[in-house]
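Chemist: Pasting the sequence and the predicted model now:
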Amino acid sequence: SHARLGRAHLLADEVRPLRERAERLGGRAVRCLELVRESAALTWDWRLRPVHRDFYEEQLVLTPGGLAVLDLDDAAMSEPALDAANFAAHLRLHALRPGGARGPAAVRRAFLRRYRELDDELDIRLLFLLEAATLLRLADIHASRLGPQAVEGLLGWGERLLLRSV
């Protein structure tokens, strides 16, 4: 899109709120935050394009004219990988649901493969960093519903992604 939105959302804006979330969870979340900060401190090519900033499957509606995107109140100029990472992290969250381990994982792989084909400027390491940051956020948001084992699973995925981002 060639739209120009009135605000920008930078990597620092994405990382800043994670401190409180990591402290609330403690343990592995604090280590995950340290890795996010280390990776975020590297030099990244942060493109400014229109992004949703809360993109996941429930923000999409199938209409007779095709897919429509809902809930654009957080939209801003930011790195497009932010939306792809958020979508991929939500698929990991779905994999933790009973019976969900294989379906969402396959969808995530297919989605990221196609996204990489369509965005030849994508830095996959940046996408990994953003997905890990989203997993940390989701671990905190859903901790009471998921339980400690699932939270550890989300944080473990995040740590593995972060080790691939540096």
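Modeler: Done, it's in.

Chemist: The chain: helices as residue ranges?
Modeler: 11-15, 18-25, 28-40, 81-95, 102-118, 124-141, 143-146, 148-165 (DSSP state H).

Chemist: contacting residues around residue 105?
Modeler: 91, 92, 95 (C-beta atoms under 8 Å, 6 or more residues apart in numbering). To be clear about C-beta, it is placed using only N, CA and C from the backbone, and glycine gets the same treatment.

Chemist: With pLDDT and neighbour count as extra columns, can I get those in CSV?
Modeler: Compiled in CSV, these are given as follows (pLDDT from 0 to 100; neighbours: other C-beta atoms under 10 Å):
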residue, pLDDT, neighbour count
91, 93, 23
92, 93, 21
95, 87, 21
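
Chemist: Tabulate those residues (JSON lines), appending distance to residue 79.
Modeler: Below are the contacts of residue 105 laid out as JSON lines (distance: C-beta to C-beta, whole Å):
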{"residue": "91", "distance to residue 79": "19"}
{"residue": "92", "distance to residue 79": "20"}
{"residue": "95", "distance to residue 79": "25"}
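
Chemist: circling back to that earlier point, of the helices of the chain, which approaches residue 53 most closely?
Modeler: helix 81-95 (6.6 Å; C-beta to C-beta).

Chemist: what helices or strands is the closest one leaning on?
Modeler: helix 102-118, helix 124-141, helix 148-165 (3 or more C-beta pairs under 8 Å, 6 or more residues apart in numbering; DSSP states H and E).

Chemist: low-scoring pLDDT stretches of this structure, where are they?
Modeler: Scanning the chain with the threshold set as pLDDT under 70 gives 98-101.

Chemist: Could you tell me the end-to-end distance of stretch 54-71?
Modeler: 8 Å (C-alpha to C-alpha, to the nearest Å).

Chemist: Counting neighbours, what do you get for the closest residue to residue 156 other than its chain neighbours?
Modeler: Counting by C-beta to C-beta, 6 or more residues apart in numbering, residue 28 is the residue found nearest to residue 156 once chain neighbours are left out, at 7.5 Å. Number of residues near residue 28 (other C-beta atoms under 10 Å) recorded here: 18.

Chemist: ok, residue 28 - contacts?
Modeler: Contacts of residue 28 (C-beta under 8 Å, 6+ apart): 152, 155, 156, 159.
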